[in-house]
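K.L.:
Provided below are the primary sequence and the corresponding predicted coordinates.
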Amino acid sequence: MSAEPVVRRLGLRDYAETFAAMRAFTDARDERTADEIWLLEHRPVFTQGQAGKAEHLLAPGSIPVVQSDRGGQITYHGPGQLVVYFLVDLHRRGYGIRSLVTHIEQSMVDVLAGYGIAAAADPAAPGVYVDDAGGLPGRAKIGSLGLRVRRGRTYHGLSLNVAMDLEPFSRINPCGYQGQRMTQVRDLGGPDSVATVGNDLLAPLIHRLGYGAVTSDTDEARASATIGR
């Protein structure tokens, strides 16, 4: 259970090229291929999940819209948001997709708790939420989740709002929920660095996913070659 994954820190990337790279990696891997975890940010983009409905895209303006094969509805990615992709062999890990979702959500809850931010997952609406965020009544979403499984192997993953422009979320019904309020780590007293939050999130992820350690690819050229420039 504790085979080491490779962690790649890929910086700021276009969504379409990363999406293609995830699919290519998943198609090419075999039972000997190590799992990988990719940490990155995306340039501004709306992504529409497999179940996405056109009515949830309200006014995209100049931000591109990309059809994705992950689960869920429409969401927004942009600089200042931590994105983590999970290229995981479920058969080798010994758990199902529901377990993986729970582990990922609880890892986000763990890292937020370390910043003094009380958050929780919702089984009826995947993602992570905080109550009365920023002193406003009601629930706000801080982390989203969407995965795809092909031949027992996953790709796609989570997005955690750190220190970004939240305005584009007003141009959609986030994850298909009209009026869903969004919030972020910086506005709730946490750090404003995506790199810091990414590094802090790795520990609970590795623990909850049952890995013994990680292999970090710190060679920028090699990590970049994973998905191209």
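P.N.:
Arrived safely.

K.L.:
For the closest residue in space to Val149 that isn't next to it in sequence, which residues are in contact?
P.N.:
Leaving aside its sequence neighbours, Val149 sits nearest to Ile97 (Cβ to Cβ, 6 or more residues apart in numbering; 5.7 Å). Just so you know, the C-beta spots here come from the backbone N, C-alpha and C atoms, and that holds for glycine as well. Residues near Ile97 by Cβ atoms under 8 Å, 6 or more residues apart in numbering: Leu90, Leu147, Val149, Thr154.

K.L.:
avg pLDDT for whichever strand or helix holds the second one?
P.N.:
Secondary-structure element containing Leu147, defined by DSSP states H and E: strand 139-150. Strand 139-150 carries an average pLDDT of 94.

K.L.:
bridging residues for the spatially most central residue of the chain?
P.N.:
Central residue of the chain (Cα atoms, centre = their mean): Leu158, 1.6 Å from the mean position. Listed by DSSP bridges, the beta-bridge partners for Leu158 are Val84, Leu145.

K.L.:
and the angle from the biggest helix by length in the chain to strand 139-150?
P.N.:
In the chain, assigned by DSSP state H, the helix with the most residues is helix 97-114. Interaxial angle of helix 97-114 relative to strand 139-150 (axes from the mean of the first three to the mean of the last three Cα atoms, to 10 degrees): 140 degrees.

K.L.:
Run through who's touching the very next helix or strand once past helix 97-114.
P.N.:
Downstream of helix 97-114, the first helix or strand assigned by DSSP H and E is strand 120-121. For strand 120-121, the surrounding residues in contact (Cβ under 8 Å, 6+ apart) are Thr102, Glu105, Gln106, Met108, Val109, Gly127, Val128, Tyr129, Val130.
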